[in-house]
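this is a predicted model, with the sequence first.
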Amino acid sequence: MNNYIKLNEDRWNNVKNAYTEPLTHEELEEARKHPISVALTVGKKVPTEWFEKAKGKKILGLACGGGQQGPVFAVKGYDVTIMDFSKSQLERDEMVAKREGLKIKTIQGDMTKPFPFEDETFDIIFNPVSNVYIEDLENMYKEATRVLKKGGLLMVGFMNPWIYMYDADIVWDKPDEELLLKFALPFNSKELEAEGKITINPEYGYEFSHTLESQIRGQLKNGLAMIDFYESCDKRNRLSRYGNDYIATLCVKLSY
């Protein structure tokens, strides 16, 4: 599948799950009453002190559509732009913004291509787990750094690569079967499909585990400094008994 991005885009345009359900009016009203509470990963909220480190409130929600985090940022006084490759996900942000009288800018864009923003535009980039759907992280981290202001913050959630060593069907849907190592890392579903080792289910699309080097060094080598991170766990799957399956990082763009 050469155009795997298109298949993944179609998947997010059509799938219905917890990440495609926009916040209700009641949920947003609750969010107004409390300190900011948003998630980069499953199982843990982002520490509020991460946002307190920001020098401004101009935020890019990168691959962050769905009508969930964007509206929360908006009610907390942020100048919000959401960029996502899924038109239907962006429409959910637009729907909530219209319903609640909020201002949220939406941009349909692809993280594997140049971002449609000027240099040093944003104080914060907020990127929940999503780079699992792109094969190469080089452009994403280079462009994220470019559009951040000096001293700006990059918040990223991503999958702990070790979970991709196991068959996802057994992990999620076959609790009585033995968990066995199956795939070498880094997991690349496009290559495995070409080799005839797996069949891609359009409901889930193409996924890529990435190495910790590409995830972490990918940020550091572009002029970012990591100042915090945490792990979290999705207790809905069997692997959570053995370790944390998500990582979130906080980096700051250096002044040089």
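Happy to help now that I have it. None of the values given here were measured: they were computed from a predicted structure.

for the closest residue to Val42 other than its chain neighbours, give its distance to Pro186.
Nearest non-adjacent residue to Val42, counting by CB to CB, 6 or more residues apart in numbering: Asp234, 4.2 Å away. To be clear about C-beta, it is placed using only N, CA and C from the backbone, and glycine gets the same treatment. Going from Asp234 to Pro186 by CB to CB, to the nearest Å gives 20 Å.

do Leu40 as well
21 Å.

helix or strand right after the worst-scoring helix or strand of the chain on mean pLDDT?
Across the helices and strands of the chain, mean pLDDT, DSSP states H and E gives its lowest value to helix 168-173, namely a mean of 89. Downstream of helix 168-173, the first helix or strand assigned by DSSP states H and E is helix 189-194.

can you give me the buried ones in that next one?
For helix 189-194, the neighbour count (16 or more other CB atoms under 10 Å) marks Ser189, Lys190, Leu192 as buried.

can you show me the helices along the chain?
Residue ranges of the helices in the chain, as given by DSSP state H, are 4-14, 25-33, 48-52, 69-75, 87-100, 138-147, 168-173, 189-194, 212, 218-220.

the last one packs against which elements?
The one in question is helix 218-220. Contacts defined by 3 or more CB pairs under 8 Å, 6 or more residues apart in numbering; DSSP states H and E place helix 218-220 against helix 138-147, strand 246-253.

let's see that with 7 Å instead.
For helix 218-220, the packing partners by 3 or more CB pairs under 7 Å, 6 or more residues apart in numbering; DSSP states H and E come out as helix 138-147.

other residues contacting the helix it packs on?
60, 62, 111-115, 117, 119, 121-122, 125, 131, 134, 154, 218-219, 222-224, 253 (CB atoms under 7 Å, 6 or more residues apart in numbering).

hmm, back to that, and the least confident helix or strand of the chain, what's buried?
So helix 168-173, judged by 16+ other CB under 10 Å, has buried residues Ala168, Ile170, Val171.

in the protein, where is pLDDT below threshold?
Low-confidence segments of the chain (pLDDT under 70): 1-2, 256.

Tyr164 versus the spatially most distant residue from the centre of the chain, what's the distance?
Distance from the C-alpha centroid of the chain, by CA atoms, centre = their mean, peaks at Asp176 (31.1 Å). For Asp176, the distance to Tyr164 equals 22 Å [CB to CB].

now do Gly243
13 Å.

ok, these two, which is more surrounded?
Tyr164 (24 against 11; other CB atoms under 10 Å).
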